[in-house]
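Asks: give me a 3D structure for the following:
(4 chains)
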Protein chains: 2
Amino acid sequence: MPYPPGSQEMTVNRRTYHRASEAERREDLILATLDCIAEYGIQGATVRQIATRAGVTGGLIRHYFAGKDQMLQAAYRKVMTGMTETAIAAAIEGETAKARLRRFIVANVTPPVTDPRTLSLWAAFISHIQIDPSFAAVHRENYFAFLEALETLLTAFFVEQNREVSPKECRAHAVALNALVDGLWLEGTLAADMFAEKELAENALVSVEALLRLQPGELSADER
Amino acid sequence: MPYPPGSQEMTVNRRTYHRASEAERREDLILATLDCIAEYGIQGATVRQIATRAGVTGGLIRHYFAGKDQMLQAAYRKVMTGMTETAIAAAIEGETAKARLRRFIVANVTPPVTDPRTLSLWAAFISHIQIDPSFAAVHRENYFAFLEALETLLTAFFVEQNREVSPKECRAHAVALNALVDGLWLEGTLAADMFAEKELAENALVSVEALLRLQPGELSADER
DNA sequence: GCGGATATTATTCAAGCGTATAATAAGGCC
DNA sequence: GGCCTTATTATACGCTTGAATAATATCCGC
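Replies: Alright, predicted model coming up:
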């Protein structure tokens, strides 16, 4: 279609858009960032890719974040709090301390926590800890939160069992349980095809039993 | 010093260099790649950075590798085999099956395996598994090798103890031990300052004892 | 409904990326 | 010791990157 006379001073076609609230725009950008990292790696998470994924243009990112790096850091926070909170949320639904501990353990080796995408994101950020100290801070926060949650569950469990365990031992148990859970999470996610439906959760419970020197079946026996 | 007449057709100054054997040049390039990833992240491991680190110019990389990606993959192989072999090498020096198992466990939560640089590299590659399937293959190979090494050590240990354990149980134990070791490796490396000198190794041995339902002290008691 | 504030787009910029190509220094072989 | 192969350098190319800037569409308060 031919342009009308004087068309050279026509305004360029601009995309129509929606003015979103700061909160939802930031959220969208962060989610888009995670999508890109998960799909294309941290190399593929470019400003333009992320913007496209979020349905905006690249320049907008600098309107909400001081730079790409700050956005990455916000995205890291999002991933970690998501993981920790999923497990904690699962735990609080238990009625006894034993049930809560049990649910916490199982939640950590079960979807949605055992998810290749989540693991990929986690690893991408872990690998950046050594490069950017501010990422190390985020990791540390969440590691402590997880360890403390575990320690609290454990302490309550020991009280419930009328078993006296010193704080020092309790912490050592929390460290070991954390390691076991992390490790099983890694194995189960990276080699998911090697394990049957509930094999990992079962193994986790049996192992935790053993680590806490409980009777076989005390945690793992299906009690519902 | 002024150039002689006709200097405009002088040859440009070229760096003098050393013609290395294919083996050492590839080695140098791979080591330089790992250095760059560890220091600047996978984003910072550019062809030019790597070449500079290796003391050559960028073009040479394409003379030894089909492309940057192939070099990254070769570097991944190097890291993983390095980790596994360090632990296996530590194990074979033990005289009894128990000592070998003990040494294997300890080696995995002790330097040089617990090293921020190694962890950073490991994580960087793990995060690329989902993006590039050929990286997944490398991971799988080494995961199997590690698991099998552990299973062999375990089987021998049970035989030595005159304890009958079915292959199925043995594998489940290997999976759990692998998880524990991986997890402690992560914790100990990412939060090294939280743990005293031999605290992690001690915790590892006590935990393995518990996982295998041994008597307390059976593995962890210092026997040298 | 209208103006003014601003969230968003469009465009530009210099720097850096991986790769391709041509010139050249190095070193083994006879 | 000169030649011939080739490992290595140097340079160029086309693209992409993160960031800066200017123009403009949107929407809130009135």
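
Asks: CA only for contacts and neighbour counts going forward, please
Replies: Noted.

Asks: which intervals of chain A have sub-threshold pLDDT?
Replies: A:1-12, A:222-224 (pLDDT under 70).

Asks: now do the top helix by length along chain A: which elements does it pack against?
Replies: Among the segments of chain A that qualify as a helix by DSSP state H, the longest is helix A:133-160. Under the contact criterion of 3 or more Cα pairs under 8 Å, 6 or more residues apart in numbering or on different chains; DSSP states H and E, the helices and strands touching helix A:133-160 comprise helix A:68-91, helix A:97-108, helix A:116-129, helix A:167-190.

Asks: who's in contact with the third one?
Replies: Residues outside helix A:116-129 that contact it (Cα atoms under 8 Å, 6 or more residues apart in numbering or on different chains): A:34, A:37-38, A:41-42, A:76, A:79-80, A:135-136, A:139, A:186, A:189-190, B:41, B:119-124, B:126-130.

Asks: is DNA strand D within reach of that helix?
Replies: No: legend: contact between helix A:116-129 and DNA strand D by Cα under 7 Å from any atom of the strand is lacking; minimum distance shown is 14.6 Å.

Asks: roughly how far is that helix from the heart of the chain?
Replies: Between the centre of helix A:116-129 and the centre of its chain there are 9 Å (Cα atoms, centre = their mean, to the nearest Å).

Asks: same thing with stretch A:128-138?
Replies: On Cα atoms, centre = their mean, the centre of stretch A:128-138 falls 16 Å from the chain's centre.

Asks: what about that stretch, start to end distance?
Replies: Start-to-end span of stretch A:128-138 (Cα to Cα, to the nearest Å) is 11 Å.

Asks: quick one: the most centrally placed residue in chain A from A:Ser207, how far?
Replies: For chain A, the residue nearest the mean C-alpha position is A:Met83 (3.2 Å; Cα atoms, centre = their mean). Computed with Cα to Cα, the distance linking A:Met83 and A:Ser207 is 22 Å.

Asks: still on that earlier bit, got the angle between the longest helix of chain A and helix A:97-108?
Replies: Here the directions of helix A:133-160 and helix A:97-108 differ by 150 degrees (axes from the mean of the first three to the mean of the last three Cα atoms, to 10 degrees).

Asks: hmm, back to that, give the contact list for the residue nearest to the centre of chain A.
Replies: A:Val113.

Asks: repeat that with 10 Å
Replies: By Cα atoms under 10 Å, 6 or more residues apart in numbering or on different chains, A:Met83 lies in contact with A:Ala107, A:Asn108, A:Pro112, A:Val113, A:Thr114, A:Thr118, A:Trp122, A:Asn142, A:Phe146.

Asks: which among the residues you listed count as buried?
Replies: Among these, those that count as buried by neighbour count (16 or more other Cα atoms under 10 Å in any protein chain shown) are A:Ala107, A:Asn108, A:Val113, A:Thr114, A:Thr118, A:Trp122, A:Asn142, A:Phe146.

Asks: what's the domain layout of chain A?
Replies: Split into domains by automatic domain parsing, chain A comes to A:16-65, A:69-211.

Asks: the residue lying closest to A:Arg102 once chain neighbours are set aside: neighbouring residues, count only.
Replies: Distances taken as Cα to Cα, 6 or more residues apart in numbering or on different chains place A:Leu219 nearest to A:Arg102, at 6.8 Å, with adjacent residues excluded. A:Leu219 has 21 neighbouring residues, counting by other Cα atoms under 10 Å in any protein chain shown.

Asks: just checking, A:Leu219 touches A:Ala99?
Replies: Yes: A:Leu219 is within contact range of A:Ala99, at 8.3 Å (criterion: Cα atoms under 10 Å).

Asks: for the residue nearest to A:Arg102, what are its contacts?
Replies: A:Lys98, A:Ala99, A:Leu101, A:Arg102, A:Glu202, A:Ala204, A:Leu205, A:Val206, A:Ser207, A:Val208, A:Glu209, A:Ala210.

Asks: neighbours around the second one, how many?
Replies: It stands for A:Ala99. A:Ala99 sits with 19 neighbouring residues when counted by other Cα under 10 Å.

Asks: from DNA strand C, how far off is the residue lying closest to it once chain neighbours are set aside?
Replies: The shortest distance from A:Ala99 to any non-neighbouring residue, by Cα to Cα, 6+ apart, is to A:Ala91 (7.8 Å). Going from A:Ala91 to DNA strand C by Cα to the nearest atom of the strand, to the nearest Å gives 37 Å.

Asks: just to revisit the earlier point, any idea how far the longest helix of chain A is from the chain center?
Replies: Its chain's C-alpha centre and that of helix A:133-160 lie 14 Å apart, by Cα atoms, centre = their mean.

Asks: next, the angle from that helix to helix A:116-129.
Replies: Going by the same axes, to 10 degrees, helix A:133-160 makes 120 degrees with helix A:116-129.

Asks: quick one: buried residues of helix A:133-160?
Replies: Buried residues in helix A:133-160, counted by 16+ other Cα under 10 Å: A:135-136, A:138-139, A:142-143, A:146-147, A:149-158.

Asks: repeat that for stretch A:92-99.
Replies: For stretch A:92-99, using 16+ other Cα under 10 Å, the buried residues are A:Ile92, A:Ala97, A:Lys98, A:Ala99.

Asks: what of stretch A:165-185?
Replies: For stretch A:165-185, the neighbour count (16+ other Cα under 10 Å) marks A:170-185 as buried.

Asks: near chain B at all, it?
Replies: Yes: applying Cα under 10 Å from any Cα of the partner chain, one finds that stretch A:165-185 is in contact with chain B at A:172-173, A:175-185.

Asks: out of those residues, which is nearest to B:Asp28?
Replies: Nearest to B:Asp28 out of those is A:Gly183 (Cα to Cα; 32.7 Å).

Asks: go ahead and confirm the closest one touches B:Ala176.
Replies: Yes: counting by Cα under 10 Å, A:Gly183 does reach B:Ala176; the two are 8.1 Å apart.

Asks: and for the two, which residues touch both?
Replies: Jointly contacting A:Gly183 and B:Ala176 under the rule Cα under 10 Å, 6+ apart are B:Asp182.

Asks: next, A:Arg26: secondary structure please.
Replies: Using DSSP: H, G, I helix; E, B strand; the rest coil, the structure places A:Arg26 in helix.
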